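Enquirer: Need a 3D model of the following:
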Amino acid sequence: MNYDALSFEPGRAVCFSGHRFISREVLPALRLHLSQAALDAYHQGYRYFLSGGARGFDLLAAEVVLTLKNTHPSVRLIMVLPCGDQTQKWSAADRLRYQKILAQSDQNIILSDRYYEGCMQVRNHFLVDHSEKCICYMKYCRGGTWHTVSYADKNRKIILNLGEM
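Expert: Numbering: from 1, shown residues only. Prediction:
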């Protein structure tokens, strides 16, 4: 992929990072806070929203952005996928949800044809490197979300953690 030919401006982009597992009790309030955060980002001038396509927070964020597009047509959803076979071990229902999102997104960037050790971290760094703001859902300081948010902090990105709300 030629990253010089990307169809979005990183200075007007927001990326998402969050845990894969979200309890049912938390989900309604999280969706509400995430919707407000995306709308606030839009009003701050952000138009490009980058999701890594993982189950959990990434897909929730992508769905929220697609809803936002209904009333704000200048919004763009960019799916940044670590590998083409990301959903290989997912359930049929999760794969269907994922495919619906990809079909409605404005751009799908696939960083590798196949899974390899480290491809998720490459995707996470891409998300941060090509955005100015990171909206995350981080409840504990370990794992991929923590590493991504730490990388965003190290690179002086604006961070909004919905896990602290």
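Enquirer: Show the contacting residues for the residue lying closest to residue 82 once chain neighbours are set aside.
Expert: Distances taken as Cβ to Cβ, 6 or more residues apart in numbering place residue 123 nearest to residue 82, at 3.7 Å, with adjacent residues excluded. Every residue, glycine included, has its C-beta placed from N, CA and C. If you count contacts by Cβ atoms under 8 Å, 6 or more residues apart in numbering, residue 123 has them with 52, 80-82, 111.
Enquirer: Pick out whichever of those sits closest to residue 140.
Expert: residue 52 (18.6 Å; Cβ to Cβ).
Enquirer: quick one: the closest one and residue 20 touch, right?
Expert: No: counting by Cβ atoms under 8 Å, residue 52 does not reach residue 20; the two are 10.6 Å apart.
Enquirer: Which of those two has more residues huddled nearby?
Expert: Higher neighbour count among residue 52 and residue 20: residue 52, with 26 against 13, using other Cβ atoms under 10 Å.
Enquirer: How about the contacts made by the more buried one?
Expert: Residues near residue 52 by Cβ under 8 Å, 6+ apart: 15-17, 58, 79-82, 123-124, 127.
Enquirer: Extract the CA atoms of the longest helix along the chain and return them as PDB.
Expert: Counting by DSSP state H, the longest helix found in the chain is helix 27-43. What follows is helix 27-43, C-alpha atoms only, in PDB (Å, rounded to 0.1, in the frame of the first residue of the first chain):
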ATOM      1  CA  LEU A  27     -22.600  -1.100  26.700                       C
ATOM      2  CA  PRO A  28     -25.600   1.400  26.600                       C
ATOM      3  CA  ALA A  29     -23.800   4.100  28.500                       C
ATOM      4  CA  LEU A  30     -20.600   3.600  26.600                       C
ATOM      5  CA  ARG A  31     -22.500   3.900  23.300                       C
ATOM      6  CA  LEU A  32     -24.000   7.100  24.500                       C
ATOM      7  CA  HIS A  33     -20.600   8.600  25.600                       C
ATOM      8  CA  LEU A  34     -19.000   7.400  22.400                       C
ATOM      9  CA  SER A  35     -21.700   9.000  20.300                       C
ATOM     10  CA  GLN A  36     -21.200  12.300  22.100                       C
ATOM     11  CA  ALA A  37     -17.400  12.100  21.800                       C
ATOM     12  CA  ALA A  38     -17.700  11.500  18.100                       C
ATOM     13  CA  LEU A  39     -20.100  14.400  17.700                       C
ATOM     14  CA  ASP A  40     -17.800  16.600  19.800                       C
ATOM     15  CA  ALA A  41     -14.800  15.600  17.600                       C
ATOM     16  CA  TYR A  42     -16.900  16.500  14.500                       C
ATOM     17  CA  HIS A  43     -17.600  20.000  16.000                       C
END
